[in-house]
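A.B. asks: I would like to see how this sequence folds:
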Amino acid sequence: MESSALPGSEKLSYCEQLVFDEEKGFQRYGVNHAGYTIFAEQFGLETFRLLKDLYQTLADLHMQRRSIAETWLSRHAPSSLLPLKKGQPLEPHSPEWFAALEAWNFPQAAHVREVVKLAKRTDVCSICGDDPTRDYRVVGQRIPLGAVLTLRLCNDCWEIRRGMYKEALSLL
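C.D. replies: The predicted structure is shown next:
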């Protein structure tokens with residue numbers, strides 16, 4: 001980025017757009033990766049496996065571009081990073097995750113605690129208690145401030161949420 005031929009104002013604009021993209025990169029790559037991962041397992045087709053790998057690579061490259069843009073902004077325009085909310089997504093079913101979920105949606109937190117308690121382990125689906133599961137992050141533009149953005153889902157619950165609620169979910 002430092003040796004780029006772009007003028008400084010264009011670099012600044014590019015970096016700000018990339019860093020503050022409202023999760024569009026996650027939607028574009030992460031959601032497709034999650035879908036192709038499930039399809040590759042369900043149907044065992046080479047096409048789905050290749051698409052899964054492609055979208056993983058695209059998601060990784062997007063995160064790398066975003067990280068570089070954030071670093072560039074921190075060096076050349078630190079004030080533009082003030083609105084950026086730092087922090088890693090919470091791991092589903094961790095103590096921190098339950099604390100955040102209880103503050104956001106107590107009934108849902110109580111439900112998930114009961115599911116985990118009945119299963120006698122934490123690596124089960126947040127909704128139904130089945131396994132195997134994957135950890136997901138909810139992505140999109142209409143996410144309420146303070147919402148817990150991660151959850152652990154089995155394939156069936158992922159399909160239901162995707163179909164019924166049209167949720168965009170990216171693998172963690």
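A.B. asks: which strands and helices sit next to the helix ranked longest in the chain?
C.D. replies: When the chain is parsed with DSSP state H, its longest helix is helix 46-76. If contacts are counted by 3 or more Cβ pairs under 8 Å, 6 or more residues apart in numbering; DSSP states H and E, helix 46-76 sits against helix 8-19, helix 24-25, helix 31-43. Heads up, the C-betas are built off the backbone N, CA and C, glycines and all.
A.B. asks: Which of these comes out lowest on mean pLDDT?
C.D. replies: Across the helices and strands packed on helix 46-76, helix 24-25 has the smallest mean pLDDT, namely a mean of 70.
A.B. asks: Tell me the helix or strand right after the longest helix of the chain.
C.D. replies: Later in the chain than helix 46-76, the nearest helix or strand by DSSP states H and E is helix 95-104.
A.B. asks: Kindly calculate the angle that the longest helix of the chain makes with helix 8-19.
C.D. replies: For helix 46-76 against helix 8-19, the angle by axes from the mean of the first three to the mean of the last three Cα atoms, to 10 degrees is 130 degrees.
A.B. asks: Export the helices and strands packed on helix 46-76 as CSV, with columns for mean neighbour count and distance to P95.
C.D. replies: What follows is the helices and strands packed on helix 46-76, written out as CSV (neighbours: other Cβ atoms under 10 Å; distance: least, Cβ to Cβ, whole Å):
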stretch, mean neighbour count, distance to P95
helix 8-19, 15, 30
helix 24-25, 17, 30
helix 31-43, 18, 26
